[in-house]
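Trainee: Give me coordinates for this.
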Amino acid sequence: MMKSLFLSFLLGSILFMNNFSEVQGRKWKGEGTTQNLESISIGRCYDYIRVVNPAVGEKNCSELWEAFRNAFINKDPCNILPQDFELFFKLSLHAIPAGKSLFWENNQLLVNSFSDRARRYMTLGDTLFGFFGDFLNWCGQENSTGLDYESCPTAAECENNAVDAFWRMASMTYAQHSSGVIHVLLNGSAEGGAYPIKGFFADYEIPYLQRDKISQIDIWVVDDIEGPNIDSCGYNTVQILEDRLKDLGYDVTCTDNYKPVMFLLCLDSPDHSKCTLSSSAPAAQRRPISSARGSSWNKLMFVSFVGFLFRSALVH
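Mentor: Coordinates of the predicted model:
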């Protein structure tokens, strides 16, 4: 009897200690902070202001890192808000050229290639603040000045995590400072539709666009080369987006399979049927010069030469 009670007490103690340990050293489902995050971030800052876009002028990259880090360090990883990054965005802010903003959903790698590091368009990832954090992961720990390199909370575990809070603020800032003709590149092959009804563009960019600074919004819906045509202009979720923007007072255009982007996709799939190029040049432009046209040209040259000799003779 005593032995049984002791075993029950021992088992209960072990379970209690395991649960207590799990709470104290809580592990999240997401990947941990990117290794060497500080060095990468500061290096990216210098790369941006020296090589990618020197036109932004001088920025204190160490100061930017401190403002970024202080936004989430020593705090509950599930209680980080966009405004916590306010100082970082104030310090990193720079002008976005009018007509160069390119918004997107479900096609980040394609958009990065198309923008060509701000040479063609300036996406969110081509700004200093977007370039600073693109493809990185980070989180802190409550009551600790260290970063958590083992795991970070996912959006499913808690909405107010450090990474999502950062990108919400980044999206709002980018939208507020976009002007002229606005471009939106959507994936017509995306499962569930090209325009997510709940997403960063819908929730944190469209509401922060400045109506008086925008002349037009051009939507480009491009299918994957091997993908299905799920969505297109005037159909399904794209129609919802068009209607929303028009209701907000914007002049909206929409183009399916925008050719410049399709050409870029075809670089990787040149033999695909979607990438077949047909010449539109008239046949007459490709024919050799006929003998009759050649004869007329020779006559013209002869008459011109005779005229030149005649004028020379009059002068002398």
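
Trainee: Quickly note the distance from residue 150 to residue 27.
Mentor: 7 Å (C-beta to C-beta, to the nearest Å). Yep, even glycine has a C-beta here, placed from its N, CA and C like the rest.

Trainee: Please say which of the two ends up with more neighbours.
Mentor: More neighbours surround residue 150 than the other of residue 150 and residue 27, with 13 against 10 (other C-beta atoms under 10 Å).

Trainee: Next, the contact list for that one, please.
Mentor: Taking C-beta atoms under 8 Å, 6 or more residues apart in numbering, we find residue 150 in contact with 27, 32.

Trainee: give me that answer again for 10 Å
Mentor: By C-beta atoms under 10 Å, 6 or more residues apart in numbering, the contact set of residue 150 is 25, 27-28, 31-33, 139, 141.

Trainee: Repeat that for residue 54.
Mentor: So residue 54 contacts residue 48 (C-beta under 10 Å, 6+ apart).

Trainee: now it: how far from residue 81?
Mentor: Going from residue 54 to residue 81 by C-beta to C-beta gives 33 Å.

Trainee: which residues are contacting the strand or helix carrying residue 88?
Mentor: Using DSSP states H and E, residue 88 sits within helix 86-92. Identification of contacts with helix 86-92 by C-beta under 10 Å, 6+ apart yields 45, 48, 56, 59-61, 63-71, 82-83, 85, 127-133, 166, 169-170, 172-174.

Trainee: Among the residues you listed, which are located in helices?
Mentor: Counting by DSSP state H, the part of those found in helices is 45, 61, 63-70, 128-133, 166, 169-170, 172-174.

Trainee: Got a quick PyMOL command for the buried subset of the residues you listed?
Mentor: The following PyMOL line selects those of these that are buried, judged by 16 or more other C-beta atoms under 10 Å:
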select buried, resi 45+61+64+65+66+67+68+69+128+129+130+131+132+133+166+169+170+172+173+174
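
Trainee: returning to what we had before: widest-spaced pair of the contacts of residue 150?
Mentor: 25 and 31 (17.0 Å; C-beta to C-beta).

Trainee: So those two - more neighbours on which side?
Mentor: Using other C-beta under 10 Å as the criterion, residue 25 and residue 31 rank with residue 31 on top: 13 against 9.

Trainee: For that one, give the beta-bridge partners.
Mentor: residue 151 (DSSP bridges).

Trainee: hang on, isn't it packed against residue 154?
Mentor: Yes: counting by C-beta atoms under 10 Å, residue 31 touches residue 154, with 9.0 Å between them.

Trainee: Pull the distance from stretch 90-106 to the chain's centre.
Mentor: Its chain's C-alpha centre and that of stretch 90-106 lie 10 Å apart, by C-alpha atoms, centre = their mean, to the nearest Å.

Trainee: ignore the last one, stretch 125-135
Mentor: 9 Å.

Trainee: same deal with stretch 105-114?
Mentor: 6 Å.

Trainee: do the same with stretch 41-53
Mentor: 18 Å.

Trainee: Now that stretch: average pLDDT?
Mentor: Average pLDDT, stretch 41-53: 98.

Trainee: Buried residues of that stretch, list them for me.
Mentor: Buried-residue list, stretch 41-53, by 16+ other C-beta under 10 Å: 41-42, 44-45, 48-49, 52-53.

Trainee: Which of these fall within strands?
Mentor: Among the buried residues of stretch 41-53, no member falls in strands (DSSP state E).

Trainee: between those, which is closest to residue 117?
Mentor: residue 52 (5.6 Å).

Trainee: Next one, pLDDT for the spatially closest residue to residue 211 that is not a sequence neighbour please.
Mentor: Counting by C-beta to C-beta, 6 or more residues apart in numbering, residue 211 lies nearest to residue 249, which is 5.9 Å off, once chain neighbours are set aside. Per-residue pLDDT puts residue 249 at 98.
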